[in-house]
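Visitor: generate coordinates for the sequence data below:
(one chain, ligands or ions: 1)
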Amino acid sequence: MRRNIAAGNWKMNTSLEEGMQLASEVVNMATAEVVKDIDILLIAPFTHLTSLQKIVGEAKNIFLGAQNCHEADSGAYTGEISAPMLKAIGVKYVVLGHSERREYFAESHALLASKTDTVLRHGMTPVFCCGEKLEIREQNKHFELVEAQIRESLFHLSADQMKKVVIAYEPVWAIGTGVTASAEQAQEMHAFIRKTIANKYSQSLADSISILYGGSVKAANANEIFGGADVDGGLVGGASLQSREFVEIAKAF
Ligand code: PGA
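Guide: Have a look, this model is predicted:
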């Protein structure tokens, strides 16, 4: 059955020292307090990952994630980080297609399809992000858009590959804005995503995939959002930079 996941996306925040402090606090609190069987992901800047590995260590169900990687395994791509580099330092999850990468780095459906292949080939789990901008929702085209994002970047995968993917639905209008999608809006889209996957693959495969919600999740709203039958956790930005707040989110299932 699918896993519940609380994923903290630190984005381009924290010095190494701050990141190590944050990770230590999360590991300590989560180990002592989070009794439910959930996975906690710390999706930190590349420069922090090796040091964080020592902190996360053997902690039960706490894993490291990266925020991006290149689609090639190696080569003349100055400034990029490859999947084998991440794999070698113990990274288990790689976020792909975050709306900030789509927007500022022009990541296309085809590029994300290729990155997904690479991450899977190296035995890590892609956390594939999708979600619409406000004007798309206002035009009532959000289902169409999210369906296209998933179809164009994931539907070339075999069933065996697809069941290893985690999906994060993040409406762009809710990211970093303090405006959260309502629990109904989140559940509605998550159910749609699951149905889209079931139609292409099978209901049992769709039922095995974790679908996370992202966009202004905080301790005060997590329980309500995670209450949706198809909402399997959160991809948390701002609130993941405070250990107490993030652990409360992890306890909200
Ligand atoms: P936010 O970011 O929680 O700060 O809205 C979420 C994300 O971008 O993953």
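Visitor: how about the closest residue to the ligand within the stretch 1-150 of the chain, phi and psi?
Guide: Relative to the ligand, the nearest point of the stretch 1-150 of the chain is N9 (4.2 Å; C-beta to the nearest ligand atom). Yep, even glycine has a C-beta here, placed from its N, CA and C like the rest. Main-chain dihedrals, N9, degrees, to the nearest 10: phi -100, psi 100.
Visitor: how about it: what's its closest non-neighbour residue?
Guide: Spatial nearest neighbour of N9, chain neighbours left out: I43 (4.7 Å); criterion: C-beta to C-beta, 6 or more residues apart in numbering.
Visitor: contact partners for the one you found?
Guide: The neighbours of I43, taking C-beta atoms under 8 Å, 6 or more residues apart in numbering as the test, are A7, G8, N9, W10, L64, G65, A66, Q67, Y93, V95, V127.
Visitor: can I get those residues in JSON lines including neighbour count?
Guide: Below are the contacts of I43 laid out as JSON lines (neighbours: other C-beta atoms under 10 Å):
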{"residue": "A7", "neighbour count": "29"}
{"residue": "G8", "neighbour count": "29"}
{"residue": "N9", "neighbour count": "27"}
{"residue": "W10", "neighbour count": "22"}
{"residue": "L64", "neighbour count": "22"}
{"residue": "G65", "neighbour count": "24"}
{"residue": "A66", "neighbour count": "25"}
{"residue": "Q67", "neighbour count": "21"}
{"residue": "Y93", "neighbour count": "23"}
{"residue": "V95", "neighbour count": "25"}
{"residue": "V127", "neighbour count": "28"}
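Visitor: what residues are bridge-paired with the most centrally placed residue in the chain?
Guide: By C-alpha atoms, centre = their mean, the chain has its centre lying nearest to V127, at 4.2 Å. When bridges are called by DSSP bridges, V127 pairs up with V95, V166.
Visitor: contacting residues for it?
Guide: 7, 41, 43, 65, 93-96, 166-168, 212, 235.
Visitor: distance check, it against N140.
Guide: In this view, V127 and N140 are 27 Å apart by C-beta to C-beta, to the nearest Å.
Visitor: what's the answer for T116, then?
Guide: Noted for T116: a distance of 28 Å to N140, by C-beta to C-beta.
Visitor: go on, A30?
Guide: 40 Å.
Visitor: which one of T116 and N140 has more residues nearby?
Guide: T116 (24 against 8; other C-beta atoms under 10 Å).
Visitor: secondary structure element for that one?
Guide: According to DSSP states H and E, T116 maps onto helix 109-121.
Visitor: angles on the backbone of whatever residue of the chain ends up closest to the ligand, please.
Guide: Residue of the chain nearest the ligand, by C-beta to the nearest ligand atom: G237 (2.3 Å). Note on G237: backbone dihedrals following degrees, to the nearest 10 are phi -90, psi -100.
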